[in-house]
Each structure stands twice: as structure tokens, then as C-alpha cells.
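Undergrad: for reference, the sequence and a predicted model appear below.
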Amino acid sequence: MENKRFRLENPLEKRFQCLTCGNLVLFASEDLHSRVVKSCFDCFTKEMTNIPEFTRGEVIDGRWKVDRLLGMGGFGAVFLVTDTKDVESAMKYALKTEYVSQSHNLKQEVYVLKLATQHNRQHFCRFVHAGIGENRPEKAFYLVMTLIGHTLEKLHKVCGRFTLPCALSVGMQCLTAIEEIHSIGFLHRDVKPENFAVSKEDESRVIIIDFGLCRQYLDEKGRIRLPRPIVGFRGTVRYAPMSSHLRREPSRKCDLETWFYQQVELTKGSLPWRQAEKKDETGMFKERCRFGVGLDIFLGGCPRQYVEILRYIDQLGYYDEPDYNKIHNLLRMAMKCFGLTEKYDWVEAARKAEETAQLLRANGGLVV
Ligand SMILES: Nc1ncnc2c1ncn2[C@@H]1O[C@H](COP(=O)(O)OP(=O)(O)OP(=O)(O)O)[C@@H](O)[C@H]1O
């Protein structure tokens, strides 16, 4: 396996020698918020608490002043910072950091984000800076990027269920974000509502985040890399494509399949396998949801164009370039059939709240 500290003992048995503690252990993927990790439970838990800590007011690498913690991920933390070299603008940024010795994915995130910024891709944060800062007990890699607003997961929870125009509008933007990442030569491999957020400046623009599990699918000559015969499970069980359940090499099709599961969840509120506990059980649900009663349960209540989208994605092969436009057109057609236009529930809610506040102000505190 590619990780520095864990060696694959036998891929078929999914047994690993944890090179931190030396024990032979089973893959602990589903135990830990459905994220694939290459460690035994104990080492992973220790690692979770072993992330760089920066305190308010501390200046990282002589430049980035810490305001507060924004969030924590599996291997690192994200802080709100200001640039001490540009005090006038008072711009705030997000600084993502991991210990150098434990850096799993941050270097790759830096690479992907830099590439997306260079190519002026619209559905990404902007890359600002990357470097190494002092931290106890060791140095920490960091990446500075522009700020995001709430994630789709949070907005979905807060708004309850998205209205159909909102689900369709969000779906189209997520699809464009995926097309953009493919256009710079990478698969995302962890498409899910937690990994999309709205832009801080424009709450109707959706941004894709977290490139820790990305994989370059093109070689240096721009050809599609040959598939590996067996591949470890990557991503999040609930949204994982069939190929991941079968340990096959993922492709652009797989990001679209994952996007589709997310799309159905955002449209209906949940997926039929939300209660499934095991990876294999979830895989079985996904297999059955393609035909007969399974299909009715899966897509019942969704626009009929969803069936066509599923059929289209399913017939794509490893080397095929997806026709993103075809899917966009089907989503547009669904909008048209129901006489809908682009809409974002949280923007609407904010507008209504503002109107109420204005009325209250105009009427001395009372709505009449
Ligand atoms: N650009 C940003 N602006 C504001 N907050 C951010 C930004 N990037 C990340 N965050 C916050 O930090 C959290 C963790 O970020 P991210 O998902 O990128 O980290 P991770 O370590 O890869 O996480 P995970 O292990 O869950 O995949 C996010 O949920 C979000 O709350």
C-alpha cells in the first residue's frame, strides 16, 4: 500500500500490518465515520487527537495570524487566519494543516487546488499559499485558501429537505464542479454533501472541497492510466460507486455514479440504504436499486429523467469520457417539465428573513 506506515499483508483478506504498533489488523474503514483509513483502530484514534494545534493570536510561518478553529477533519485541522503582510484588506482565509510526519493528503490537496486556480476553475476555493510552520512536537504543513460558507450536508440538515428546484440547481452545479476536476486530470473519489459547500461571497455558487482522496487518472502523456487489477476501498460507503464495492479501479463514471446517489438523497431526503450497517449490505442495496421494485423504491418521487441519467451513467465504461452535457440537459428538462427555475432554499430563507426584519424595523418592531 502507498501509505508510509501501513503495509498491505494480503489484499484479499484485507489484513494490514500497522507499522506504528506492528499488529496485524483488519481494515477499520466502516468503524470510523465511514471513512477509509489504513490503520488499526487504536492508532487511528491516537492520530485523531494528534493534530496540529494553533492558538488564537499565534502567527504561523511569520505570516498567518490565527483567529480561531474552523473545523477538524480525519488528519488535520482548519483555522481561520488573516494575512499579516496585508493588514489593510483585512481579508480572512482558511488554513488547513497536518503534521509533516503524518501528512497523508495535504500535499496532494495543494497540488490539485493550485492546478484548479491556475486553470481558473469556478467551483473551487482559490489557492493562496502553502508552506511549513513550526508547531510542537514537530513541523506542520499548511495550505491557505479562500473561505467557504456552509457545506451542503449542513444546509440539507438545516433546510430539512431541499425543494425540487433547489435539488436540481445544486445538482447541476455539483456536476459542473466534478466536470471541472476531471478536466484538470483528477478523479475526486469522495463526492458527498460534506465535500460541497457554498461560496462565502455568493451563496448560490457551489464549491467542491477536500481533495485528499483524489487520484490522477491521466498519465504524463495525457493518456488514461491502466486500471490496477485490485484496488483498496476508497471514499464513503453510503455514496461509493459499485466499482469500489467490487474493488475495481475507479474512473470518471464512478464520480458521476457517486454524484447521482447524492443527487437522489438531496431530492428525496434519504437513500434506501441509509440504515445499512455493513459495506457489503450497502453494495447489495445499490445493485438491487437498478431494477424492478428496487428501482421504484430508489427513484420513486424523483423526476423521470433520473431513470435516464442512471441508465446513462451505468452504461459508461472505464475509458469513456462522460457526456456531462447530456446529464445537464436531462436535469434542465426536469426543471422545465415542472415549470421550475433555478432556486436555492437557503438564499430564499435569508431573503424572507430580511424582508421580515425590514417590516419589523419599519413598523417599530411589529409586523402588521
Ligand atoms: N476553505 C474553507 N473555509 C472554511 N472552512 C473550511 C474550509 N475548508 C475546510 N473547512 C472546514 O474544515 C472542515 C474539515 O475540512 P476538510 O473536509 O477539508 O478536512 P479533512 O481533514 O479532509 O476532513 P475529512 O477527514 O472529514 O475528509 C470542513 O468540514 C469545514 O468545516
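TA: Here it is on my side, so go on.
Undergrad: for burial, what's the neighbour tally of the residue of the stretch 51-200 of the chain found nearest the ligand?
TA: Going by C-beta to the nearest ligand atom, the ligand is nearest to Gly73 of the stretch 51-200 of the chain, at 1.6 Å. (Glycine included, C-beta is placed from N, CA and C.) Residues within reach of Gly73, counting by other C-beta atoms under 10 Å, total 16.
Undergrad: ok, now which ones touch it?
TA: Gly73 sits next to Lys96, Asp210, Gly212 when contact means C-beta atoms under 8 Å, 6 or more residues apart in numbering.
Undergrad: thought the first one was touching Lys107?
TA: So that's Lys96. No - Lys96 sits out of contact with Lys107 when judged by C-beta atoms under 8 Å, with a separation of 11.6 Å.
Undergrad: in strands, which of the contacts of Gly73 fall?
TA: If you go by DSSP state E, these have Lys96 in strands.
Undergrad: now render the contacts of Gly73 as TSV, adding pLDDT.
TA: Shown next, in TSV, are the contacts of Gly73 (pLDDT from 0 to 100):
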residue	pLDDT
Lys96	94
Asp210	92
Gly212	88
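Undergrad: which of the contacts of Gly73 has the largest number of neighbours?
TA: Among the contacts of Gly73, Lys96 has the most neighbours (other C-beta under 10 Å), with 26 neighbours.
Undergrad: beta partners for that one?
TA: Bridge pairing for Lys96 (DSSP bridges) gives the partners Val78, Leu143.
Undergrad: residue contacts, it?
TA: Gly73, Gly76, Ala77, Val78, Leu106, Glu109, Tyr142, Leu143, Met145.
Undergrad: state the distance from it to Met72.
TA: Note on Lys96: its distance to Met72, by C-beta to C-beta, to the nearest Å, is 10 Å.
Undergrad: what do those two both touch?
TA: In contact with both Lys96 and Met72: Val78, using C-beta under 8 Å, 6+ apart.
Undergrad: which positions in this protein make contact with the ligand?
TA: 70-71, 73-76, 78, 94, 125, 145, 147-148, 151, 209-210, 212 (C-beta under 6 Å from any ligand atom).
Undergrad: are any of those residues buried, and if so which?
TA: Buried members of the residues of the chain next to the ligand, counted by 16 or more other C-beta atoms under 10 Å: 70, 73-76, 78, 94, 125, 145, 147-148, 151, 209-210, 212.
Undergrad: lowest-confidence one in those?
TA: Least confident of these in the model: Gly74, at 68.
Undergrad: can you pull out the strands in this protein?
TA: Secondary structure of the chain (DSSP E): strands located at 6-10, 15-18, 24-26, 59-60, 64-72, 77-83, 92-99, 127-133, 140-145, 148-151, 186-187, 196-199, 206-208, 215-216.
Undergrad: mind checking which of the ones you listed is nearest Val347?
TA: strand 196-199 (8.9 Å; C-beta to C-beta).
Undergrad: now for the closest one, which elements pack on it?
TA: strand 148-151, helix 152-158, helix 164-183, strand 206-208 (3 or more C-beta pairs under 8 Å, 6 or more residues apart in numbering; DSSP states H and E).
Undergrad: mind redoing it with 7 Å?
TA: Judged by 3 or more C-beta pairs under 7 Å, 6 or more residues apart in numbering; DSSP states H and E, the packing partners of strand 196-199 are strand 148-151, strand 206-208.
Undergrad: would you mind finding the most buried of these?
TA: Comparing the helices and strands packed on strand 196-199 by mean neighbour count (mean count of other C-beta atoms under 10 Å), strand 206-208 ranks first with a mean of 24.
Undergrad: any idea how far apart the tips of stretch 151-169 sit?
TA: Using C-alpha to C-alpha, to the nearest Å, the end-to-end distance of stretch 151-169 comes to 15 Å.
Undergrad: make residue 1 into 37 and carry on from there
TA: OK, 37 is where the count begins now, so the last one is stretch 187-205.
Undergrad: off-centre distance for it?
TA: The chain centre lies 16 Å from the centre of stretch 187-205; the measure is C-alpha atoms, centre = their mean, to the nearest Å.
Undergrad: in that stretch, what's buried?
TA: Using 16+ other C-beta under 10 Å as the test for burial, stretch 187-205 gives 187-189, 191-192, 198-205.
Undergrad: which residue is nearest the middle of this structure?
TA: Asn231 (2.3 Å; C-alpha atoms, centre = their mean).
Undergrad: excluding its backbone neighbours, what's nearest Met278?
TA: Setting aside the residues directly before and after it, Met278 is nearest to Lys322 in space (C-beta to C-beta, 6 or more residues apart in numbering), at 6.0 Å.
Undergrad: how near is that neighbour to Val95?
TA: For Lys322, the distance to Val95 - C-beta to C-beta - is 48 Å.
Undergrad: can you check Phe198 too?
TA: Separation of Phe198 from Val95 (C-beta to C-beta) stands at 41 Å.
Undergrad: also Arg261?
TA: 42 Å.
Undergrad: could you list the low-confidence segments of the stretch 137-286 of the chain?
TA: Residue ranges of the stretch 137-286 of the chain with pLDDT under 70: 139-140, 172.
Undergrad: residue in the stretch 237-386 of the chain nearest to the ligand?
TA: Closest contact between the stretch 237-386 of the chain and the ligand, by C-beta to the nearest ligand atom, is at Asp246 (4.0 Å).
Undergrad: I'd say that residue and Phe232 touch.
TA: No - look at Asp246 against Phe232 with C-beta atoms under 7 Å: they stay out of range, at 9.4 Å.
Undergrad: hmm, Val148 is touching Phe247, no?
TA: Yes - using C-beta under 7 Å, Val148 is in contact with Phe247, at 4.1 Å.
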